[in-house]
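In: task: produce atomic coordinates for the following.
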Amino acid sequence: AQVVWLETAAFGAGHIIFLMAAKSATAAVSEGPAPVNDEVQTYDCHISSGSCTGVNFRPSPFTGQGGRGLPFVKNGELLRGKVYDKGGSKFLKVDEIQREGAGKFQPVTGEQWMPFDGGLFNGGQWLHD
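Out: Presented below is the predicted three-dimensional model:
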């Protein structure tokens, strides 16, 4: 924002607003990680250990946004989306879910993510081929 102010100070306040808005739009287009590849993949979501009956969606590991507004994923439900990597850990950006007893996939609302692994003391592996 400081650079925008210095570049536009001589042109007046109207230009400051325009250039700041343009800078925000450009940043939004260039932000965000790329998936590991462009394949949409399907995974069975279930915990590998413990007695939990499912897991909640998670926010984006990159922005912290999302992960709300949908019921938890029950063991055995199917998730479909693209795989991302952050620091050697894999995450699925979920586009669709096939709920227990449903005959087809439905799009998810909002930004929903699922890590492949919950960790040793949190159900172990969550996403399975």
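In: from the chain's centre, how far out does stretch 46-66 sit?
Out: 11 Å (Cα atoms, centre = their mean, to the nearest Å).
In: can you get me the start-to-end distance on that stretch?
Out: 21 Å (Cα to Cα, to the nearest Å).
In: tell me the buried residues in that stretch?
Out: Across stretch 46-66, burial judged by 16 or more other Cβ atoms under 10 Å covers 46-47, 54-55, 57-58, 60-61, 66. C-beta here means a position set from N, CA and C on the backbone, and glycine is covered the same way.
In: next step: the residues you listed restricted to strands.
Out: 54-55 (DSSP state E).
In: need the buried residues of stretch 46-66 in TSV with distance to residue 116 and pLDDT, can you?
Out: Putting the buried residues of stretch 46-66 into TSV (distance: Cβ to Cβ, whole Å; pLDDT from 0 to 100) gives the following:
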residue	distance to residue 116	pLDDT
46	12	96
47	12	94
54	15	94
55	11	95
57	14	97
58	11	97
60	15	97
61	11	97
66	17	95
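In: kindly reformat the buried residues of stretch 46-66 as a markdown table containing distance to residue 97.
Out: Listed next are the buried residues of stretch 46-66 as a markdown table, based on distance: Cβ to Cβ, whole Å:
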| residue | distance to residue 97 |
| --- | --- |
| 46 | 13 |
| 47 | 17 |
| 54 | 12 |
| 55 | 12 |
| 57 | 9 |
| 58 | 14 |
| 60 | 17 |
| 61 | 19 |
| 66 | 14 |
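In: with respect to residue 115, which of the buried residues of stretch 46-66 is nearest?
Out: Within the buried residues of stretch 46-66, the smallest distance to residue 115 is 6.2 Å, found for residue 58 (Cβ to Cβ).
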